[in-house]
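# Show me the folded form of this:
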Amino acid sequence: MILEMKVPSPGESIKEVEIATWLVKDGDYVEKDQAIAEVDSDKATLELPAEMSGVITLKAEEGDTVAVGAVVCLIDTDAAKPAGGAAPAAEAPKAEAPKAEAPKAEAPKADAPKAAPAATSYAAGTPSPAARKILDEKNIAPATVSGTGKGGRITKDDAVNAVPSMGTPTGGSRGTERTKLSMLRRKVAERLVSAKNETAMLTTFNEVNMTPINQIRNEYKDAFKAKHGGLGLGFMSFFTKAVTRALQLYPDVNSMMDGDYKIAYDFADISIAVSGPKGLMVPVVRNAELLTFRGIEAEIKRLALRARDGQITVDDMTGGTFTITNGGVFGSMLSTPIINPPQSGILGMHNIIERPIAVNGKVEIHPMMYVALSYDHRIIDGRESVGFLVAVKEALENPVELLMNGDAKRALEL
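Model prediction:
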């Protein structure tokens, strides 16, 4: 029996995916539930498992965009499993390779008619309307592009593949590589541009004295790790608790625009921006306002590991009412984070630097961090945005009283 394998729906809003990598070759024998491909959606990279055992025939190439429900491969379930594994089946196409080379020998004949007219045709070097538009957008002169169309005309493909001049070379390696962005990266780019163009985004800044948090971590991190199965006591749990507290004080920051309406939430689903092998991903910590320090650290670790291992799901990244991003892990001192639509606010953390500050009329050196809140001014006013960031600062500088109810050991479940 020939089984048609169709692209399953990764999520409710996803209509198409891209074949990122085939993990098997055409003609291989695959086992049921074996991962046969990695597919990119605009939210995550997912593995496609074989539905049955048998010999596979691929119906799509790597990089192809296919609709959800489309057939991407066939599995012959009646085929016997090779005694030596899948190798014999994989070698079958190789044996026919010499036959496939026959058309290549005719390639020079196909080029000959193009080359002759190109030298004398009045159309040589003239771009088509679509090609001209692309060249104008790239700021590339048509005279610098070699046309492969009829009579030497510059086609749309010529314009798409054209690259601007990099000047007169003076020696050394000057190689270039053109690779297609993954569907996830293209979607991230689209959303970032959308956030800049469709929101009234502003950023307000403050600074936080990290001494109190450092003191708590230095005192309790070993006991916390021993008590909670190797779980570390990091900064993210303190920032998440401070954010959920501030969202309760300033609920407009925890709301979204929906046309002429505002949607307010009485819960805090905190999106945590993490860098994965496929690019930026933003998994969500659900109902973070109800979680303890241990619960937040455990959930962030779980989501970060799934993102790192490429196992993050669409559901893991769906929703979120507010985002926290930490550029400090890469050494950033200050930045203006971009809102994660349709959310209305994002908090940017940065690196910690020891700096002299005035304390009670004296100069002292303390570990300091700049924090930034980018917000949509259409729905959040200056009073709310500044008040929110000040509330975050106050909680981080007085964590025992404002985040731990006066008892650090109890709050850390020690």
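# drop to CA atoms for contacts and neighbour counts, all remaining ones
Noted.
# where exactly do the strands run in the stretch 51-200 of the chain?
Remark: strands assigned in the stretch 51-200 of the chain by DSSP state E, counting those that start in this stretch are 54-58, 65-67, 71-76.
# Mind giving me the packing neighbours of the second one?
Right, strand 65-67. Packing partners of strand 65-67 (3 or more Cα pairs under 8 Å, 6 or more residues apart in numbering; DSSP states H and E): strand 16-22.
# residues making contact with the strand it packs on?
Here strand 16-22 makes contact (Cα atoms under 8 Å, 6 or more residues apart in numbering) with 36-42, 60-68, 182-183.
# Mind jotting down where the helices sit in the protein?
87-95, 97-100, 107-120, 129-138, 156-161, 183-198, 211-227, 235-249, 293-308, 382-397, 399-403, 408-411 (DSSP state H).
# Pick the most buried one from those helices.
Mean neighbour count, computed with mean count of other Cα atoms under 10 Å, is highest for helix 235-249 among the helices of the chain, reaching a mean of 21.
# mind checking how far it is from the chain centre?
Put simply, helix 235-249 sits 24 Å off its chain's centre (Cα atoms, centre = their mean, to the nearest Å).
# Dump it to PDB, restricted to CA.
This file holds the C-alpha atoms of helix 235-249, laid out as PDB (Å, rounded to 0.1, in the frame of the first residue of the first chain):
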ATOM      1  CA  PHE A 235      17.900  36.900  38.000                       C
ATOM      2  CA  MET A 236      14.900  36.100  35.800                       C
ATOM      3  CA  SER A 237      12.700  35.000  38.700                       C
ATOM      4  CA  PHE A 238      13.300  38.300  40.500                       C
ATOM      5  CA  PHE A 239      12.500  40.300  37.400                       C
ATOM      6  CA  THR A 240       9.500  38.200  36.600                       C
ATOM      7  CA  LYS A 241       8.100  38.600  40.100                       C
ATOM      8  CA  ALA A 242       8.800  42.400  39.900                       C
ATOM      9  CA  VAL A 243       7.000  42.600  36.500                       C
ATOM     10  CA  THR A 244       3.900  40.700  37.600                       C
ATOM     11  CA  ARG A 245       3.700  43.000  40.700                       C
ATOM     12  CA  ALA A 246       4.000  46.100  38.600                       C
ATOM     13  CA  LEU A 247       1.400  44.800  36.100                       C
ATOM     14  CA  GLN A 248      -1.100  44.600  38.900                       C
ATOM     15  CA  LEU A 249      -0.300  48.200  39.900                       C
END
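# before we move on, the earlier item: buried among the contacts of strand 16-22? Make that a PyMOL selection.
Applying 16 or more other Cα atoms under 10 Å to these leaves a buried subset, and the PyMOL line that selects it is:
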select buried, resi 36+37+38+39+40+41+42+60+63+65+66+67+68+182+183
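# Just want the most central residue of this protein.
Nearest to the geometric centre of the chain sits L280, at 2.8 Å (Cα atoms, centre = their mean).
# Touching, L184 and L46? I think so.
No - in this structure, L184 is not within contact of L46 by Cα atoms under 8 Å, at 11.2 Å.
# can you list residues touching both of those two?
Shared contacts of L184 and L46, defined by Cα under 8 Å, 6+ apart, are found at D40.
# sorry, back to before: I'd like the helices of the chain written out as a markdown table, with distance to A372 and mean pLDDT added.
Shown next, in a markdown table, are these (distance: least, Cα to Cα, whole Å; pLDDT from 0 to 100):
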| stretch | distance to A372 | mean pLDDT |
| --- | --- | --- |
| helix 87-95 | 54 | 43 |
| helix 97-100 | 59 | 45 |
| helix 107-120 | 58 | 45 |
| helix 129-138 | 34 | 84 |
| helix 156-161 | 39 | 84 |
| helix 183-198 | 17 | 80 |
| helix 211-227 | 19 | 94 |
| helix 235-249 | 12 | 96 |
| helix 293-308 | 21 | 91 |
| helix 382-397 | 8 | 96 |
| helix 399-403 | 19 | 95 |
| helix 408-411 | 27 | 93 |
